[in-house]
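> kindly generate the corresponding structure for this input.
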Amino acid sequence: DNAEGRSSELLKLGNLMNVGHCGDCVDGEFVITDTQLDSFDEQNVPIYELSGAFKASTVALDTLQQILLQQHALGACLTGAGLGGCVIGLFTEKQLHLSNIQDVLQASYFSVHTTHSSEESVFEVHSINGASFL
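Presented below is the predicted three-dimensional model:
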């Protein structure tokens, strides 16, 4: 079934977003040693499923990522070069209630940490016909 396949792919994408952000977290402590890397190779562990240790995030971006996950995002991660970029949250159409998410972000983040409003800073985007999974 195409809907089941799409749902499965979205879950995989969300997981990869979370894994990627894990390596970027400010307080992340994940480091891969050469021995571990060799072990992963021997076990055929897909390297893309392992977070790095880039720590390119900021406390603000980590906070936004956590709020999006608490709002049931399939995945959330920073994008850009980090150190001030932005965070993307992946939601299905059934999950997405932008006004609710904006309210939570406003109360939990924007009113506490910035002078911006969530309405100015949160954007909803949709895939369009012709888009496909990578």
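> burial count for the closest residue in space to Glu93 that isn't next to it in sequence?
Nearest residue to Glu93, sequence neighbours excluded (Cβ to Cβ, 6 or more residues apart in numbering): His126, at 7.8 Å. Any C-beta I mention is one placed from the backbone N, CA and C, and that applies to glycine too. Using other Cβ atoms under 10 Å, His126 is surrounded by 7 other residues.
> any figure for the gap between His126 and Leu90?
12 Å (Cβ to Cβ, to the nearest Å).
> got it, and Glu124?
Distance from Glu124 to Leu90, by Cβ to Cβ: 12 Å.
> out of these two, which sits in the more crowded spot?
For Glu124 versus Leu90, the count of surrounding residues by other Cβ under 10 Å is larger for Leu90: 19 against 10.
> assess the claim that the more buried one and His72 are in contact.
No: contact criterion Cβ atoms under 8 Å: Leu90 and His72 do not qualify, at 10.5 Å.
> distance from the lowest-mean-pLDDT helix or strand in the chain to the middle of the chain?
Ranking every helix and strand in the chain by mean pLDDT, DSSP states H and E puts helix 34-42 at the bottom, with a mean of 76. Relative to the chain's own centre, helix 34-42 is displaced by 26 Å; criterion: Cα atoms, centre = their mean, to the nearest Å.
> next: stretch 35-50.
22 Å.
> wait, a helix at the residue nearest to Glu93?
No: looking at His126 with DSSP: H, G, I helix; E, B strand; the rest coil, it is coil, so not inside a helix.
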